[in-house]
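In: Pasting the sequence and the predicted coordinates here, then a few questions.
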Amino acid sequence: FLFTGLVKHDLDAQTSVHVGFGQDRYGSEPGFAPRPGGSGEDDGYLVTLVTDMAADRSEVVVYDAKNPAPGPVCRLLLPQRISSGTHATWAGAERLVPSSRL
């Protein structure tokens, strides 16, 4: 699958907002990272991996989940291009096991 953007649906207001990744850019399914101390189901961040086929690179792209329309709040360039459509998930730091315990 080639995901070309994100869509946020508000079922109460019956509205949808589409955010595109740009030409020749394809993303993974986004994970949701809750904002520390946040309130509300969308108080946090959408985190996705985006591959830019024209530039031959990939990045982690972070959106404000309440209002993704203005675009990313953060973009982190990865050292290698990854395949588009990579699956993603979010785990808080308290759920991760330090490598010294492996």
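Out: Looks like it came in fine.
In: who does the helix or strand of the chain with the lowest mean pLDDT pair up with?
Out: None of the helices or strands of the chain scores lower by mean pLDDT, DSSP states H and E than strand 31-34, at a mean of 91. In the sheet, strand 31-34 lines up against strand 44-52 (antiparallel) (DSSP bridges).
In: What is the distance between the strand it pairs with and the centre of its chain?
Out: In this view, strand 44-52 has its centroid 2 Å away from the chain centroid, taken as C-alpha atoms, centre = their mean, to the nearest Å.
In: Poorly predicted segments of the protein, please.
Out: Within the chain, the stretches with pLDDT under 70 are 1, 84-90, 99-102.
In: Helices of that one, residue ranges please.
Out: Counting by DSSP state H, the chain forms no helices at all.
In: can you give me the strands in it?
Out: For the chain, the strands defined by DSSP state E occupy 5-10, 15-20, 25-27, 31-34, 44-52, 57-64, 74-77.
In: Show residues contacting the first one.
Out: What it means is strand 5-10. 15-21, 27, 30, 42, 46, 48, 63, 65, 68 (C-beta atoms under 8 Å, 6 or more residues apart in numbering). (Glycine included, C-beta is placed from N, CA and C.)
In: returning to what we had before: can I get the strands of the chain in CSV including distance to Pro98 and mean neighbour count?
Out: Output for the strands of the chain, formatted as CSV (distance: least, C-beta to C-beta, whole Å; neighbours: other C-beta atoms under 10 Å):
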stretch, distance to Pro98, mean neighbour count
strand 5-10, 32, 14
strand 15-20, 35, 12
strand 25-27, 30, 22
strand 31-34, 20, 16
strand 44-52, 22, 21
strand 57-64, 22, 20
strand 74-77, 22, 11
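In: Arg95: which of these is closest?
Out: strand 31-34 (12.1 Å; C-beta to C-beta).
In: then the least confident helix or strand of the chain to CSV, C-alphas only?
Out: Extracted C-alpha coordinates of strand 31-34, given in CSV (Å, rounded to 0.1, in the frame of the first residue of the first chain):
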residue,chain,number,x,y,z
GLY,A,31,1.2,5.7,15.7
PHE,A,32,-0.3,7.9,18.4
ALA,A,33,1.9,9.2,21.2
PRO,A,34,-0.1,10.8,24.0
